[in-house]
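Asks: model this:
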Amino acid sequence: DAAIELLTSRSECEIQASGDRVRASSTFVGGDGLQRHTPLHAFDKDRTTFFHSACGLPMAPWWISLNFESLTAISTIRLTSDAPADYPENWELQGRAEANAPFASLLRVQNDPGISCAMTLGSTRRKQFTCDQPQTRSYELQRPGDYLEYRILVHSVSNARRQDRNCLRISEVTFVGPCA
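Replies: Numbering: from 1, shown residues only. All right, here's what the predicted structure looks like:
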């Protein structure tokens, strides 16, 4: 059993993302009119930065996508966040093998309990409770395939009832697949 676990853990690797291939349905715009917390932050391997969508009702569904240069298989997706209220509750991972082809649903998550932690009121984020440390949840795909583009389509977040906080916020998206 230990040998199988070791073999399995070494046969899967994190898949590196390229910044110019990341897009999102919306990005938070600050009071100065500048975009803040762009979708690239969800793939920059820095847990202190984050992607933040535009906020308000109705904003959902949101999406964030990543295109690869060649067909890429993933078996696991990891979502990291420090904002429990803005964590995806009902969402799906989609993929497509060709540009402009329809997306196929690869994983559907409903009523996700999200992340939980001892929260503090953020010093720079008014009225927003955050975790002391970002939390990560993993989701395994039952039938991985090879796709050029992966998209996370979020239908609702944990705190979708408050108009001022109906936002999507993700610190990191990590794709895991077979090592090359």
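Asks: only C-alpha atoms for contact and neighbour calcs from this point on.
Replies: Fine.
Asks: For residue 108, identify the helix or strand it belongs to.
Replies: For residue 108, the host element (DSSP states H and E) is strand 104-109.
Asks: Grab the nearest non-local neighbour of the spatially most central residue of the chain.
Replies: In the chain, the C-alpha closest to the average C-alpha coordinate belongs to residue 173, at a distance of 4.4 Å (C-alpha atoms, centre = their mean). Closest residue to residue 173 apart from its sequence neighbours, by C-alpha to C-alpha, 6 or more residues apart in numbering: residue 79 at 4.9 Å.
Asks: contacting residues for the one you found?
Replies: 136-138, 170-174 (C-alpha atoms under 8 Å, 6 or more residues apart in numbering).
Asks: May I ask you to confirm that it belongs to a strand?
Replies: Yes. The assignment for residue 79 by DSSP: H, G, I helix; E, B strand; the rest coil puts it in a strand.
Asks: that older thread, could you look up the SS state of the residue nearest to the centre of the chain?
Replies: strand.
Asks: count of residues packed around residue 117?
Replies: By the criterion of other C-alpha atoms under 10 Å, residue 117 has 14 neighbours.
Asks: now do residue 32
Replies: Counted with other C-alpha under 10 Å, residues neighbouring residue 32 total 6.
Asks: quick one: it from residue 53, how far?
Replies: Applying C-alpha to C-alpha, to the nearest Å, the value for residue 32 to residue 53 is 16 Å.
Asks: Also residue 95?
Replies: For residue 95 relative to residue 53 (C-alpha to C-alpha), the value is 21 Å.
Asks: Residue 115 now?
Replies: Applying C-alpha to C-alpha, the value for residue 115 to residue 53 is 18 Å.
Asks: ok, back up a step: and the strand holding residue 108, which residues are buried?
Replies: 106-107 (16 or more other C-alpha atoms under 10 Å).
Asks: Walk me through which strands it pairs with, and which way each runs.
Replies: Applying DSSP bridges, strand 104-109 is found paired with strand 88-96 (antiparallel).
Asks: pLDDT of the strand it pairs with, averaged?
Replies: What strand 88-96 shows for mean pLDDT is 95.
Asks: mind checking how far it is from the chain centre?
Replies: How far strand 88-96 lies from its chain's middle: 9 Å, per C-alpha atoms, centre = their mean, to the nearest Å.
Asks: do the same with stretch 42-62
Replies: Per C-alpha atoms, centre = their mean, the centroid offset for stretch 42-62 relative to its chain is 8 Å.
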